[in-house]
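Engineer: Requesting a structural model of the entry that follows:
(chains A and B)
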Protein chains: 2
Amino acid sequence: MSQPYDRIFNFSAGPCTLPVEVLEEARDGMLNWNGSGMGVMEMSHRGKVFDGIFQQTKAWLKELAGVPDNYQVLFLQGGATFQNTMVPMNLRGEGQTADYVVTGAWGKKSHEAAALLGPTNKAFDAKAEGYRSVPDLEAIPISPSSAYLHFTSNETIQGVEFFTDPVVSVPLVCDMSSDILSRPFDVSRYGLIYAGAQKNMGPAGVTLVIVREDLLQRTPANMQPMLDLKLMAENDSMYNTPPCWSIYMCGLVYKWMLKEGGLTVFRDRNREKASVIYRAIDESEGFFKGHADPSARSVMNVTFTLPSEELTEAFLKGAKAHQLDGLKGHRSVGGCRASIYNAFPLEGCEVLAGYMRDFAAKNG
Amino acid sequence: MSQPYDRIFNFSAGPCTLPVEVLEEARDGMLNWNGSGMGVMEMSHRGKVFDGIFQQTKAWLKELAGVPDNYQVLFLQGGATFQNTMVPMNLRGEGQTADYVVTGAWGKKSHEAAALLGPTNKAFDAKAEGYRSVPDLEAIPISPSSAYLHFTSNETIQGVEFFTDPVVSVPLVCDMSSDILSRPFDVSRYGLIYAGAQKNMGPAGVTLVIVREDLLQRTPANMQPMLDLKLMAENDSMYNTPPCWSIYMCGLVYKWMLKEGGLTVFRDRNREKASVIYRAIDESEGFFKGHADPSARSVMNVTFTLPSEELTEAFLKGAKAHQLDGLKGHRSVGGCRASIYNAFPLEGCEVLAGYMRDFAAKNG
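Structural biologist: So this is what the prediction gives:
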């Protein structure tokens, strides 16, 4: 059974599969968007046409995610990695520390960047058990002088995920890069949310930041412009030329998600997709082993291992014949990983699960 | 006479017109690039397919610009504005100052960002005469402890441009955002060149940095990852997810420029295009006034004024009827500006010049 445009099932951890109809719309407007006489990549970012696209993109995101009025929505450059620098530089004041919850490789990087810049406290670290579970964030002790509590809602490399929006006593900062918009979430519980676009929202090169307005007052004076969150907000993400095309693509994805029914629909779809693959793991009688504890199994990144490196290699090689690509685990942990973000089709999960069963039967 | 795809003549200062055949190629591979089964926006940046695109893009740029082997080519995020921060943080050592030549609004911003971070010297400032000319860089006194001399090869807002690659006694750093690849240039005369892509190279969201390898040793220890030029170079621009699509688009532009004949061809075309408009200014008997001194007239951005604000408004309004768009001068200086980068067609300059003559005849 072939996919439209002879596309493969692309399990890449990001950048990753985008919706076919979003790509078609982008393609069709490439040389002349909506009768403007120019493509979106060619428009002045300060012109009326692009401003319309930009404001619409923000409006769709706000509707989709239910962003309250006291939050600003920014589209910045530099990826989530750059936010690991911007967040402590803007939110952590003199004499304050910042609490970090580390449940995988990305949280570790966030903590390291913040620690280079000033005081931090590792409020929780799941390293000793190999990053397999997530703690109850509401039960974690927070430092007395903490500026914020930072956590990573989904760890793409280890495949562990938080599923609730906790209430804590300091502003909650969340790197949601790899599971934002995968389920309904309560923005009002967060002080600042950031997310690289290239998993659930669009192409690489743009980072969504949703920030509660009062926190913008924390930005110190005399910051470098591109590190100044307040300046970015005051200029509506247009202090300098923004990544216009990537923003436009995010807008098309938001529009598509609204049309499909919004976050509740995607939560249900994502749960079903993930359960198809986790079931293949659990029913393999130990041939496949899931990395994460069942309580923290990511709905976005299903991580698992095979009995040996040889079998892993054979599995990955055979997958290509089924048009299944991008299943190799991250170089830091090995094994396999199936990344199945919002735009990834259920059918691909079913094909993978079928292949897993066949492979286990032949090699188990 | 209508343009292909009913496109307008888009004089935007950037983002701006891209070549039609480049856009067509991008469009045609949108859902399945080169039989890979995925579009370029959907590929893992660490996979073989995108790596091939990335290495080819660098190779095309090196061929086009004649980049010597002791230089590294990087594709980063944050625009030229971010380089205004990265350059002093990486190249200016303890006890050193940095010299800045200010010939317009962008050079002023570069200087300001560097001055916030440490010692600087304004080696030249053309503000008093309204940023109309450029100095002889080889004759400018350089500070004894200078880490580098920074200049802006083309000022988009004022429309003044340098046309030579000077030899100076310290590493030369150049913001070439708005005229890179518009003429042959000698990379070996520079220590570091940076350029936002959105004028002559591609869409917004990626910044080209060409840096002489020995300068990478200047990066201090314990930098924040995204500010660490050495780290970016060591990771071949892939420390974190790069702006893949924007890089791919730059590659298509480089390929197109090589096919058209390279930088000498574009220099000649650009000179011809600019001369068509400057001639309309000079022959208008003072109705149109060029902002720049004739010796420093930018080949990329032709800036001019009309006798009154009313006439300027009428001129801009009438331009739209000729499919001429984006001619309004930058908000900080007013008047008009025709930005005519590499991909802008000669025909558009001729239509503009004809319209200028008609308008002057009717209103002069």
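
Engineer: Kindly state the domain boundaries assigned to chain A.
Structural biologist: A:23-260, A:262-363 (automatic domain parsing).

Engineer: Chain B: which of those is closest?
Structural biologist: Smallest distance to chain B across these (CB to the nearest CB): 3.1 Å, for domain A:23-260. (C-beta placed from N, C-alpha, C; glycine too.)

Engineer: For chain A, which helix extends over the most residues?
Structural biologist: Determined from DSSP state H, the single longest helix within chain A is helix A:263-282.

Engineer: which non-adjacent residue is nearest A:Asn222?
Structural biologist: Closest residue in space to A:Asn222, ignoring its immediate chain neighbours: B:Leu116 at 5.6 Å, by CB to CB, 6 or more residues apart in numbering or on different chains.

Engineer: does chain B sit close to stretch A:309-323?
Structural biologist: Yes - Stretch A:309-323 reaches chain B (CB under 8 Å from any CB of the partner chain) through A:Gln323.

Engineer: buried ones in that stretch?
Structural biologist: Neighbour counts over stretch A:309-323 (16 or more other CB atoms under 10 Å in any protein chain shown) mark A:Leu311, A:Thr312, A:Phe315, A:Leu316, A:Ala319, A:Gln323 as buried.

Engineer: Phi and psi next, for the fifth one.
Structural biologist: By that I understand A:Ala319. Main-chain dihedrals, A:Ala319, degrees, to the nearest 10: phi -60, psi -40.

Engineer: pLDDT score assigned to it?
Structural biologist: Here, the pLDDT recorded for A:Ala319 equals 98.

Engineer: hang on, isn't it packed against A:Gly326?
Structural biologist: No - proximity of A:Ala319 to A:Gly326 does not meet the contact threshold set by CB atoms under 8 Å, at 9.2 Å.

Engineer: circling back: hey, which of the domains of chain A is tucked in deepest?
Structural biologist: Scoring the domains of chain A by mean neighbour count under mean count of other CB atoms under 10 Å in any protein chain shown gives domain A:23-260 as the most buried, with a mean of 21.

Engineer: Would you mind measuring the gap between the ends of that one?
Structural biologist: End-to-end span of domain A:23-260 (CA to CA, to the nearest Å): 16 Å.

Engineer: How about stretch A:44-53?
Structural biologist: End to end - CA to CA - stretch A:44-53 spans 12 Å.

Engineer: Any residue of that stretch touching chain B?
Structural biologist: Yes - Stretch A:44-53 lies within reach of chain B by CB under 8 Å from any CB, at A:Ser44, A:His45, A:Gly47.

Engineer: Identify the residues contacting the closest residue to A:Glu309 other than its chain neighbours.
Structural biologist: Nearest residue to A:Glu309 in three dimensions, chain neighbours excluded: A:Gly334, at 7.7 Å (CB to CB, 6+ apart). A:Gly334 sits next to A:Thr305, A:Glu309, A:Thr312 when contact means CB atoms under 8 Å, 6 or more residues apart in numbering or on different chains.

Engineer: Where does A:Gly334 sit: helix, strand or coil?
Structural biologist: coil (DSSP: H, G, I helix; E, B strand; the rest coil).

Engineer: Now do the nearest residue to A:Val67 once chain neighbours are set aside, the pLDDT please.
Structural biologist: Excluding its sequence neighbours, the residue lying closest to A:Val67 (CB to CB, 6+ apart) is A:Val187, at 5.2 Å. A:Val187 is assigned a pLDDT of 98 by the prediction.

Engineer: avg pLDDT for stretch A:113-133?
Structural biologist: So the average pLDDT for stretch A:113-133 ends up being 97.

Engineer: Distance from the chain centre to that stretch, please.
Structural biologist: Distance, stretch centre to chain centre, for stretch A:113-133: 19 Å (CA atoms, centre = their mean, to the nearest Å).

Engineer: Just the CA trace of that stretch, in CSV.
Structural biologist: Provided in CSV are the C-alpha atoms of stretch A:113-133 (Å, rounded to 0.1, in the frame of the first residue of the first chain):
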residue,chain,number,x,y,z
ALA,A,113,23.4,26.0,30.5
ALA,A,114,21.7,27.7,33.5
ALA,A,115,24.4,26.5,35.9
LEU,A,116,27.1,28.2,33.7
LEU,A,117,25.3,31.5,34.2
GLY,A,118,24.5,31.5,37.9
PRO,A,119,23.1,29.6,40.9
THR,A,120,20.9,26.6,40.2
ASN,A,121,19.5,23.7,42.2
LYS,A,122,18.9,20.3,40.7
ALA,A,123,15.6,19.7,42.3
PHE,A,124,15.3,16.2,40.9
ASP,A,125,17.5,14.0,38.8
ALA,A,126,16.4,10.6,37.4
LYS,A,127,19.9,9.8,36.1
ALA,A,128,20.6,7.1,38.7
GLU,A,129,17.8,4.9,37.3
GLY,A,130,18.6,5.7,33.7
TYR,A,131,15.9,8.3,33.0
ARG,A,132,13.0,5.9,33.0
SER,A,133,10.3,7.7,35.0
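
Engineer: what's that stretch in contact with?
Structural biologist: Taking CB under 8 Å, 6+ apart as the rule, stretch A:113-133 contacts A:81, A:84-85, A:87-89, A:92, A:96-105, A:108, A:111, A:134-135, A:140-143, A:146, A:149-150, A:155, A:158, A:160, A:291-293, A:295-296, B:222, B:224-225.

Engineer: The most far-flung residue of chain A relative to its centre: which element?
Structural biologist: Largest separation from the mean C-alpha position in chain A: A:Lys362, at 35.5 Å (CA atoms, centre = their mean). Per DSSP states H and E, A:Lys362 falls inside helix A:346-363.

Engineer: That helix close to chain B?
Structural biologist: No - Helix A:346-363 lies out of reach of chain B by CB under 8 Å from any CB, never closer than 11.8 Å.

Engineer: ditto for stretch A:76-83
Structural biologist: Yes - contact of stretch A:76-83 with chain B (CB under 8 Å from any CB) involves A:Gln77, A:Gly78, A:Gly79, A:Ala80, A:Thr81, A:Phe82.

Engineer: How about residues contacting stretch A:316-332?
Structural biologist: For stretch A:316-332, the surrounding residues in contact (CB under 8 Å, 6+ apart) are A:3, A:8-13, A:16, A:105, A:156-157, A:303, A:305, A:315, A:335-339, A:348, A:351-352, A:355, A:359, B:37-38, B:44, B:47.

Engineer: Would you convert the contacts of A:Gly334 into JSON lines that also reports secondary structure?
Structural biologist: Formatted as JSON lines, these follow (three-state DSSP):
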{"residue": "A:Thr305", "secondary structure": "strand"}
{"residue": "A:Glu309", "secondary structure": "helix"}
{"residue": "A:Thr312", "secondary structure": "helix"}
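
Engineer: Show me the contacts of stretch A:316-332 that map onto helices.
Structural biologist: Counting by DSSP H, the part of these found in helices is A:Ala105, A:Phe315, A:Gly348, A:Val351, A:Leu352, A:Tyr355, A:Phe359.

Engineer: Tally up the residues packed near the closest residue to A:Gly37 other than its chain neighbours, please.
Structural biologist: The shortest distance from A:Gly37 to any non-neighbouring residue, by CB to CB, 6+ apart, is to B:Ile8 (3.3 Å). Using other CB atoms under 10 Å in any protein chain shown, B:Ile8 has 20 neighbouring residues.

Engineer: and stretch A:89-104, how far apart are its ends?
Structural biologist: End-to-end distance for stretch A:89-104: 23 Å, by CA to CA.

Engineer: hmm, back to that, relative to A:Leu227, how far out is the residue nearest to A:Glu309?
Structural biologist: 36 Å (CB to CB, to the nearest Å).

Engineer: before we move on, what about A:Asp186?
Structural biologist: 29 Å.

Engineer: again, but for A:Gly93
Structural biologist: Applying CB to CB to A:Gly93 and A:Leu227 gives a distance of 16 Å.
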